[in-house]
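Student: Output the structure for:
(one chain, ligands or ions: 2)
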Amino acid sequence: MAKRKSSAANPRRKTRSESGRLIVVANRLPVHRVRQGGKSVWKMSPGGLVTALEPILQDTGGAWVGWAGSTGAAPKPFKSDRIDLKPVPLSKQELDSFYAGFSNATLWPLYHDAIRVPVFRRSWWAAYEKVNRRFAEAAAAVYKPGDTVWVHDYQLQLVPGMLRELRPDAKIGFFLHIPFCSEELFARIPRRREILEGMLGADLLGFQTRLSGQNFARTARRFTSATGKDTELHFGDRVCRVSNFPISIDFKRFEGMATSAEVLVKAEQIRQKLGPERRILLGVDRLDYTKGIDVRLRAMEEVLRRAKFTAEDIVFIQVAVPSREDVAEYVEMRSSIEELVGRINGQHSETGRVAIHYLRRNLAQEELFAYYTLAEVMLVTPLRDGMNLVAKEYPACRLKNDGVLLLSEFAGAAEELKQAVTVNPFDIDGVAHSIEEALRMGKAEQKRRMTAMRRYLRAHDVYDWADSFLGALKK
Ligand code: ADP
Ligand code: G6P
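Tutor: Ligands and ions are numbered 1, 2, ... in the order given. Predicted structure coming up:
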């Protein structure tokens with residue numbers, strides 16, 4: 001992975017640890033197994049969180065506590081450069097009840113405005129508590145006085161409280177990567193008080209948007225003994241601060257990759273295959289029902305039905321990474337999307353002119369960048385999304401300041417990327433009109449919007465995000 005300069009050499013980094021290390025606690029470790037020279041070795045995963053935190057962890061010689069991705073006994077703790085990796089085991093039964101169950105069939109749909117009906121089972125809750133305790137104990141075991149602990153996401157909301165009991169003096173931060181839903185929806189969780197008290201164990205709670213932070217504070221005041229204002233809650237004899245820290249991307253790395261020779265060659269190959277004269281629209285997502293993949297497919301169907309643009313002129317490419325395939329809702333959404341693609345192509349494709357290309361796979365980085373550089377219109381239409389990094393990656397790759405980002409108003413990114421063409425994903429006709437508007441948008445207007453979004457993203461990258469959170473936590 002691309003190495004970022006260490007804080008000593010990086011004047012922008014404000015939060016270089018003067019004392020103590022950073023301990024990250026997240027459901028997944030930042031590494032995955034790959035085959036190399038006939039052997040299986042660990043490699044850093046290229047996600048945003050890893051990119052942002054790796055340099056800080058390298059600086060401080062920090063640790064990362066997380067699940068290694070397979071069930072049964074966990075691998076032994078190991079080091080990657082200066083980072084101590086502490087694998088936490090999950091049994092097959094815990095994978096079903098803690099991960100697929102309470103995390104992804106209860107909390108995930110609920111927090112995304114209950115766009116699928118959340119399922120509540122007592123055995124799932126018991127597993128959630130047990131696994132959270134295991135993570136908290138693993139963090140406590142590596143913790144030394146002066147360290148800072150940063151816990152991540154909805155799978156581990158009990159960890160701050162559990163760790164606080166084990167290490168009362170620790171500096172603990174928690175960041176929720178997904179939305180925090182309204183008080184009314186949160187009230188459905190049978191053990192709602194325990195979750196809120198778990199989060200209140202942190203010194204600082206970070207959310208993607210102001211609204212999520214406000215939802216949390218309101219809910220905490222209603223269901224726990226917490227008092228105070230939205231940004232500062234008093235709980236027991238402690239204060240828990242609440243703020244929004246919108247996550248971002250490594251803007252410079254994306255810019256660099258988008259102009260690399262490898263990506264340009266790949267882009268040219270794809271363009272030739274698709275037909276050099278056709279205009280490309282793109283969607284890139286995990287195959288998740290929150291992403292509104294069906295919304296953009298239906299909107300594309302409407303655009304093709306109106307026939308101002310046909311499969312001769314335009315082509316839509318949807319790339320979708322398989323995700324959480326043990327959860328029933330994901331299996332159902334996959335078949336409904338595949339049926340939709342088949343229906344649209346049956347109606348609107350011609351031989352050699354397929355209207356919708358559907359690639360269900362994880363793309364290699366250079367291929368993903370090639371698609372971003374080729375797409376004239378990027379369709380990001382989630383029904384609800386904490387942030388949506390794809391919406392930030394696309395502008396980062398548009399070095400000529402052209403292309404149009406169509407962005408759902410229900411993505412966290414819409415709060416920042418004001419120059420995107422915003423759409424309401426619940427209004428398919430409206431999305432179809434916006435797609436036509438995007439296809440007709442003049443170069444000057446594209447440039448005006450793209451330049452502004454790129455300027456914003458350049459100044460608010462993922463390093464800035466990590467610095468802001470850790471800087472606030474140290475106060
Ligand atoms: P989420 O975290 O819910 O999956 P985000 O949009 O915030 O959604 O982040 C998704 C990340 O996964 C982005 O960095 C994106 O580039 C990457 N990604 C999504 N789909 C693919 C794909 N098919 N191939 C490779 N990377 C992908
Ligand atoms: C979202 C969540 C992350 C999660 C990721 C991939 O980004 O906020 O916590 O790791 O999706 O999902 P998975 O279930 O494969 O870890």
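
Student: Ignoring the adjacent residues along the chain, who's closest to K43?
Tutor: V34 (4.8 Å; CB to CB, 6 or more residues apart in numbering). Just so you know, the C-beta spots here come from the backbone N, C-alpha and C atoms, and that holds for glycine as well.

Student: Tell me the helices and strands packed up against the helix or strand that neighbour falls within.
Tutor: Counting by DSSP states H and E, the element that carries V34 is strand 31-36. Under the contact criterion of 3 or more CB pairs under 8 Å, 6 or more residues apart in numbering; DSSP states H and E, the helices and strands touching strand 31-36 comprise strand 39-44.

Student: And for the chain, the residue most distant from the center?
Tutor: Of all residues in the chain, T351 sits farthest from the chain's C-alpha centroid, using CA atoms, centre = their mean; the distance is 37.3 Å.

Student: and stretch 407-417, anywhere near ligand 1?
Tutor: No: taking CB under 6 Å from any ligand atom as the criterion, stretch 407-417 and ligand 1 are apart, separated by no less than 8.4 Å.

Student: in that stretch, what counts as buried?
Tutor: Judged by neighbour count using 16 or more other CB atoms under 10 Å, the buried positions of stretch 407-417 are 407-408, 410-414, 416-417.

Student: circling back to that earlier point, list the buried residues for the strand holding V34?
Tutor: Under the neighbour-count criterion of 16+ other CB under 10 Å, strand 31-36 has V31 buried.

Student: Could you tell me which strands sit next to that strand in the sheet, and their orientation?
Tutor: strand 39-44 (antiparallel) (DSSP bridges).

Student: packing partners for the helix or strand following the partner strand?
Tutor: Read in the C-terminal direction, the helix or strand following strand 39-44 is helix 48-60, with elements assigned using DSSP H and E. On a contact count with 3+ CB pairs under 8 Å, 6+ apart, helix 48-60 meets strand 22-28, strand 63-67, strand 83-88, helix 462-474.

Student: The ones you listed into CSV, with extra columns for mean neighbour count and mean pLDDT?
Tutor: Putting those into CSV (neighbours: other CB atoms under 10 Å; pLDDT from 0 to 100) gives the following:
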stretch, mean neighbour count, mean pLDDT
strand 22-28, 24, 97
strand 63-67, 26, 97
strand 83-88, 21, 96
helix 462-474, 20, 96
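
Student: Between those, which one is closest to V421.
Tutor: Distances from V421 to each of the helices and strands packed on helix 48-60 were compared by CB to CB, and the smallest falls on helix 462-474, at 24.6 Å.

Student: Could you check the angle the closest one makes with strand 22-28?
Tutor: With axes from the mean of the first three to the mean of the last three CA atoms, to 10 degrees defining the directions, helix 462-474 sits at 120 degrees from strand 22-28.

Student: backbone phi and psi for whatever residue of the stretch 51-200 of the chain ends up closest to ligand 1, please?
Tutor: Nearest residue of the stretch 51-200 of the chain to ligand 1 (CB to the nearest ligand atom) works out as H177 at 6.9 Å. Recorded main-chain torsions at H177 are phi -80, psi -20, according to degrees, to the nearest 10.

Student: In the stretch 101-250 of the chain, where is pLDDT below threshold?
Tutor: Applying pLDDT under 70 to the stretch 101-250 of the chain flags no residue at all.

Student: For ligand 2, what's its nearest residue on it.
Tutor: Closest approach of the stretch 101-250 of the chain to ligand 2 (CB to the nearest ligand atom) occurs at H177, with a separation of 3.7 Å.

Student: that older thread, surely the residue of the stretch 51-200 of the chain closest to ligand 1 and D153 touch.
Tutor: Yes: under the criterion of CB atoms under 8 Å, H177 is in contact with D153, at a separation of 4.9 Å.

Student: Can you report how many residues neighbour P168?
Tutor: A count of neighbours around P168, defined by other CB atoms under 10 Å, yields 9.

Student: Actually, D402.
Tutor: With neighbours defined by other CB under 10 Å, the count for D402 comes to 14.

Student: my guess is it meets T451, correct?
Tutor: No: the pair D402 and T451 does not pass the contact test of CB under 8 Å, sitting 10.0 Å apart.

Student: show me what contacts the residue nearest to K43?
Tutor: Neighbouring residues of V34 by CB atoms under 8 Å, 6 or more residues apart in numbering: 40-43.

Student: Let's see the ChimeraX selection covering just the buried ones among those residues.
Tutor: Buried residues among those (16+ other CB under 10 Å), as a ChimeraX selection:
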select :42
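
Student: My guess is V25 contacts G66. True?
Tutor: Yes: using CB under 8 Å, V25 is in contact with G66, at 7.2 Å.

Student: isn't I115 right up against R384?
Tutor: Yes: counting by CB under 8 Å, a contact exists between I115 and R384, whose distance comes to 6.4 Å.

Student: Need the overlap of contacts for these two.
Tutor: Taking CB under 8 Å, 6+ apart as the contact rule, I115 and R384 both touch T290.

Student: more neighbours, those two?
Tutor: The residue with more neighbours, out of I115 and R384 and counting by other CB under 10 Å, is R384; that gives 21 against 16.

Student: Run through the residues that contact the more buried one.
Tutor: Contacts for R384 (CB under 8 Å, 6+ apart) come out as 112-113, 115, 179, 290, 410-411.

Student: how about a cut-off of 10 Å?
Tutor: For R384, the contacting residues are 109, 111-115, 178-179, 181, 290-292, 408, 410-412, 425, taking CB atoms under 10 Å, 6 or more residues apart in numbering as the criterion.

Student: Can you select the buried ones from those residues in PyMOL?
Tutor: A single PyMOL command is used to select the members of these judged buried by 16+ other CB under 10 Å:
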select buried, resi 109+111+112+115+178+179+181+290+291+292+408+410+411+412+425
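
Student: Specify the local secondary structure of the residue lying closest to D288 once chain neighbours are set aside.
Tutor: Among residues not flanking D288 along the chain, S323 sits closest, at 5.6 Å (CB to CB, 6+ apart). Here S323 is coil, with the state taken from DSSP: H, G, I helix; E, B strand; the rest coil.

Student: separation between S323 and A202?
Tutor: The span separating S323 from A202 equals 28 Å under the rule CB to CB, to the nearest Å.

Student: Then R21?
Tutor: For R21, the distance to A202 under the criterion CB to CB works out to 18 Å.

Student: Am I right that E129 is in a helix?
Tutor: Yes: following the definition three-state DSSP, E129 is counted among the residues of a helix.

Student: how about the residues of the stretch 1-150 of the chain near ligand 2?
Tutor: Counting by CB under 6 Å from any ligand atom, the residues of the stretch 1-150 of the chain near ligand 2 are 27-28.
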